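Visitor: model this:
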Amino acid sequence: MSSRRDRSPLGSPILIGALTVLAMVVAVFLAYNANNGLPFVPSYTLHVQVADASELTHGAEVHMGGALIGFVDGVRPERNQNGQPIAVLDLKLNRSTGHLPVDSTFTIRLKGSIGQKYLDVGLGRSPRTYADGATVPMRQTGATVDLDQVLSMFDPPTRAGVVASTVGFSNGLTGRGVSVNDAIGAFVPLLTDLRPVAANLASPRTDLGGFLRGLEAFSGALAPVGKTQANLFVGLDSTFRALAGVSVATLPSTAPVLADAFAAGARNLPGTAALDQRLVSLSQHLASYGQNPVVQKGLSRLTLTASSLRAPLEFLTPVQSSCNYVTLFLRNVASLLSESTSSGTALRFSLVAIDDVLGGESVPSSRPYTTPVTDPTAEHGPLHVNPYPNTDSPGETPECEAGNETYSGAAADIGNVPGNQGLKTESTTNSGSKK
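Guide: All right, here's what the predicted structure looks like:
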């Protein structure tokens, strides 16, 4: 007859061994999956974009305020909208943490100076939160600089430069302690006066940020003409170098005159305040006038007209600047009415008689009259005509041909004459008389 103890299930060695093995299996399973979170524990998933995973791996811890709130479930590569490679951290957070605000920050940090890394969450204050499965943009993420990255800056050339700089600074400060103390004391008034200046610069009304953005846009606009500006400065260097020797000789005599001029300007400047105000008012009226649609249309027409006149003016400019033809034409036109009469002035002219000879200009002909003159007293001769003379205009021979062609009764001259007639014509003065 068996006892009650022998009939108990816990008295079976097989059952006790099976329970022990089951407990060990559960413990090993929980230990193996500890980095993925405990089973049956509700989780909150987020996907965090980072520029660089910085050696953060699967199973890394996620902390907030020093407390463990989850794990990194995976790290995968992706590309952003610009096609640049980035990393995405898949986070599995404890649901008890609650949904994180959208202004929360995510920073990859080291647990120690050298060792394993974790993701630190800085809790934000925004009323809006990330939904389960949402993606955190890269602007909310970052990473600390590792110690090995800091130390990697000090390569052999850098270390040699640091040593040389330290030695140079020490030599420069040797025996100058009193002077340094005096300089620090002299900086106190400067810092006192600098405080209101810094406050004005920091004021939103100053809009220092807008100034810097405008300066950036201005620099960007100058970038295409950077080479031209560099050449300009090279030319200015040559100019000022040439003036340097002259300035040393003339500065002793010109400096007092310049000082007196500046002093006179300082005395007269307050009296120009009313003029300055009028100029400001004039500028404002001009700005308003320039914004008038009718004026803008007129300016557009003027611009179009100037653009259309550019080509003919470029062609006609040498006609005057090189050959003086415009001034000569106007002078000769004015002299047409130089004959005085009892009632005013009369038009001066001369009759040109054309001989009625065979083939001449007075009778029909199939070709120009080119017969040479054999009779010195004859009033007819071969044709001389140059409809398109060279006037030093673009594309033409640099010469003032019109008016400088010679006449020969022995042969006809049609078109441009042989040789270069030079760049000299009859000179004129302001009175219109010959030089």
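Visitor: how about the contacts made by residue 263?
Guide: Shown in contact with residue 263 (Cβ atoms under 8 Å, 6 or more residues apart in numbering): no residues. Where C-beta positions appear, they are placed from N, C-alpha and C, glycine not excepted.
Visitor: show me where the stretch 301-435 of the chain has its strands.
Guide: Counting by DSSP state E, counting those that start in this stretch, the stretch 301-435 of the chain has strands at residues 339-341, 344-346, 384-385, 413-414.
Visitor: most tightly packed of those?
Guide: strand 413-414 (a mean of 15; mean count of other Cβ atoms under 10 Å).
Visitor: remind me what that strand packs against, helices and strands.
Guide: strand 384-385 (3 or more Cβ pairs under 8 Å, 6 or more residues apart in numbering; DSSP states H and E).
Visitor: picking up where we left off before, got JSON lines for the strands of the stretch 301-435 of the chain, with distance to residue 101 and mean pLDDT too?
Guide: Listed next are the strands of the stretch 301-435 of the chain as JSON lines, based on distance: least, Cβ to Cβ, whole Å; pLDDT from 0 to 100:
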{"stretch": "strand 339-341", "distance to residue 101": "101", "mean pLDDT": "75"}
{"stretch": "strand 344-346", "distance to residue 101": "97", "mean pLDDT": "74"}
{"stretch": "strand 384-385", "distance to residue 101": "94", "mean pLDDT": "86"}
{"stretch": "strand 413-414", "distance to residue 101": "94", "mean pLDDT": "86"}
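Visitor: I'd like the ones you listed laid out as a markdown table, including distance to residue 90.
Guide: Shown next, in a markdown table, are these (distance: least, Cβ to Cβ, whole Å):
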| stretch | distance to residue 90 |
| --- | --- |
| strand 339-341 | 106 |
| strand 344-346 | 103 |
| strand 384-385 | 94 |
| strand 413-414 | 93 |
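Visitor: so, low pLDDT: which residues of the stretch 51-200 of the chain?
Guide: Applying pLDDT under 70 to the stretch 51-200 of the chain flags residues 113-115.
Visitor: the residue nearest to residue 420 when sequence neighbours are not counted - how many residues pack around it?
Guide: In this structure, residue 420 finds its nearest non-sequential neighbour in residue 399, 4.8 Å apart by Cβ to Cβ, 6 or more residues apart in numbering. Other residues near residue 399 come to 21 when the count uses other Cβ atoms under 10 Å.
Visitor: residue 182 now?
Guide: Other residues near residue 182 come to 11 when the count uses other Cβ under 10 Å.
Visitor: which element follows the helix or strand hosting it toward the C-terminus?
Guide: Take DSSP states H and E as the rule and residue 182 turns out to sit in helix 177-202. Using DSSP H and E, the next helix or strand after helix 177-202 towards the C-terminus is helix 208-222.
Visitor: measure residue 201 to residue 48 for me?
Guide: Using Cβ to Cβ, to the nearest Å, residue 201 is found at 37 Å from residue 48.
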